[in-house]
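> got a predicted structure here, sequence first:
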Amino acid sequence: MPDPTQYPPAVLRLHPDAVPGVRVAIDATLDELSPLLRRMEDEAVMPEPWLGDSASHSVWTAYNEGVMRAPDGAFRAVLAYESQLLTIRDRLVEIERHYARNEADTGALFGNRL
């Protein structure tokens with residue numbers, strides 16, 4: 001059975017000059033999102049039903065199992081989103097390094113003849 005948190009690949013095409021700005025935006029998103037997700041991992045699971053009745057028990061079970069623990073639940077989807085952002089950010093860092101290396105190599109090869 002396929003993993004429900006895996007999505008088909010997509011292609012993001014950027015002009016080289018846009019790469020640093022996109023990376024900065026993704027970094028800002030991760031700076032805000034990641035601490036909230038760590039906090040959710042620690043605090044968002046309800047330890048017990050808030051009342052002793054069957055309704056609060058049903059909601060407690062549905063929330064913990066369906067939202068927080070289910071492989072296809074909302075919390076796992078947001079974790080997958082964070083993972084995708086990390087992958088994109090890391091790839092953008094590689095691309096920036098590659099562009100910088102190419103620019104340096106081109107400059108060294110041609111000097112001020114360009």
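Happy to help now that I have it.
> can you spell out which helices and strands pack onto the longest helix along the chain?
Of all the segments of type helix in the chain, defined by DSSP state H, the longest one is helix 74-110. Other elements packing on helix 74-110 under the criterion 3 or more C-beta pairs under 8 Å, 6 or more residues apart in numbering; DSSP states H and E are helix 19-43. Yep, even glycine has a C-beta here, placed from its N, CA and C like the rest.
> okay, buried residues for the helix it packs on please.
19, 22-23, 26, 30, 37 (16 or more other C-beta atoms under 10 Å).
> any idea which of those residues is closest to F110?
V19 (22.8 Å; C-beta to C-beta).
> isn't that closest one up against E96?
Yes. Between V19 and E96 there is a contact under C-beta atoms under 8 Å: 5.6 Å.
> what about the closest residue to L12 other than its chain neighbours, neighbour count?
Spatial nearest neighbour of L12, chain neighbours left out: I88 (7.1 Å); criterion: C-beta to C-beta, 6 or more residues apart in numbering. I88 is flanked by 15 other residues according to other C-beta atoms under 10 Å.
> right, and I88 touches A10 too?
No. Using C-beta under 8 Å, I88 is not in contact with A10, being 10.1 Å away.
> returning to that earlier point: for the buried residues of helix 19-43, point out the one with the lowest pLDDT.
Within the set of the buried residues of helix 19-43, pLDDT is lowest for V19 (89).
> which residues does that one contact?
V19 sits next to 92, 95-96, 99 when contact means C-beta atoms under 8 Å, 6 or more residues apart in numbering.
> can you do 10 Å?
Listed by C-beta atoms under 10 Å, 6 or more residues apart in numbering, the contact set of V19 reads 91-93, 95-96, 98-99.
> alright, I will stop here.
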